[in-house]
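*Asks:* Could you work out the structure for the sequence below:
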Amino acid sequence: MTTAKSPAIAPEAAPPYRLALNIRAIDLTKDQFLCLCSDNGDLRLELTADGELIIMPPAGGESGWQEHELALQVGIWAKQDGTGRVFSPSAGFDLPNGAVRAPDVSWILLSRWESLSKDEQRTFSPICPDFVIELRSPSDRLGEAQRKMAEYLENGVRLGWLIDPQNKRIYVYRPGQPVEILDEPDTISGDPVLPGFALDLSPIWQARPS
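*Replies:* The predicted structure follows:
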């Protein structure tokens, strides 16, 4: 009598990483890029100022939940404050340097947002957010995320948070100031850009093993 062998279990696949494609020769227009994004809704796409197409896989379950938690907290504050609009990572912004970026969470002062035309609001809006959050996922390289945050500052962001759940660390970006590094803070204040807002980080840290 023979015993059937259990099927071999494939090792867990490594998390997918972002791809950067040099498309300078194509000279992709912003309208063409918008169509490309619409046709590939399962991917998150960005354009760099140097003419690279950045292809990012969908967020994993944990990162997706963390993104939602961050957007929820900022959104609750913004609805009560009423001075600005909150945007999800599906919103792309046409930055002054020519890049099209989609922060994980962003906020724009209402007066600046309403200065845009309806057509500008419906496409990649030609505006840099006042505030951004980028959440480092397991597939994100820290150096690339830090360069992206520096780009936001160069294009007009007034406050930026790079949240690194793996190391329970936050990098705080402000114009004209050195990057501030906070290790496992319980909360972080958005003053004065987001007056009265304090982000509760305990849900984010609890999602990662100690």
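
*Asks:* May I ask you to confirm that L182 belongs to a helix?
*Replies:* No - L182 is assigned strand when assessed by DSSP: H, G, I helix; E, B strand; the rest coil, not a helix.

*Asks:* tell me the contacts of the nearest residue to it once chain neighbours are set aside?
*Replies:* Leaving aside its chain neighbours, L182 sits nearest to I170 (4.5 Å; criterion: CB to CB, 6 or more residues apart in numbering). For glycine as for every other residue, the C-beta is placed from the backbone atoms N, C-alpha and C. I170 is in contact with W161, L162, I163, D164, I181, L182, P185, I188, L201, counting by CB atoms under 8 Å, 6 or more residues apart in numbering.

*Asks:* one more time with 10 Å, if that's ok
*Replies:* 133, 161-164, 180-185, 188, 199, 201, 204 (CB atoms under 10 Å, 6 or more residues apart in numbering).

*Asks:* D81 too?
*Replies:* For D81, the contacting residues are W107, L110, L194, P195, G196, F197, by CB under 10 Å, 6+ apart.

*Asks:* buried subset of those residues?
*Replies:* Buried members of the contacts of D81, scored by 16 or more other CB atoms under 10 Å, are W107, L194, F197.

*Asks:* Out of those, flag the one nearest to R147.
*Replies:* Of all the buried ones among the contacts of D81, R147 sits closest to W107, with 21.7 Å by CB to CB.

*Asks:* how close does the closest one get to R158?
*Replies:* In this view, W107 and R158 are 10 Å apart by CB to CB, to the nearest Å.

*Asks:* hmm, back to that, would you mind listing which of the contacts of I170 are buried?
*Replies:* By neighbour count, with 16+ other CB under 10 Å, these hold I133, W161, L162, I163, D164, I188, L199, L201, I204 as buried.

*Asks:* hang on, the third one in a strand?
*Replies:* Yep, that's L162 we're talking about. Yes - per three-state DSSP, L162 lies within a strand segment.

*Asks:* Tell me how many other residues crowd the nearest residue to it once chain neighbours are set aside.
*Replies:* Excluding its sequence neighbours, the residue lying closest to L162 (CB to CB, 6+ apart) is Y171, at 4.1 Å. Y171 has 19 neighbours, counted by other CB atoms under 10 Å.

*Asks:* Tell me where the protein has helices.
*Replies:* Per DSSP state H, the chain carries helices over the ranges 30-39, 61-81, 110-113, 118-122, 142-154, 202-206.

*Asks:* Read off the pLDDT value for the closest residue to F33 other than its chain neighbours.
*Replies:* Setting aside the residues directly before and after it, F33 is nearest to L47 in space (CB to CB, 6+ apart), at 5.9 Å. pLDDT recorded at L47 is 83.

*Asks:* Relative to W161, how far out is L47?
*Replies:* 23 Å.

*Asks:* Likewise for S117?
*Replies:* To W161, S117 is 30 Å away according to CB to CB.

*Asks:* And D94, by the same measure?
*Replies:* On the measure of CB to CB, D94 and W161 end up 22 Å apart.

*Asks:* One more: C37?
*Replies:* Counting by CB to CB, the gap from C37 to W161 is 25 Å.

*Asks:* in stretch 153-160, what counts as buried?
*Replies:* Those would be L153, N155, V157, R158, L159, G160, for stretch 153-160 by 16+ other CB under 10 Å.
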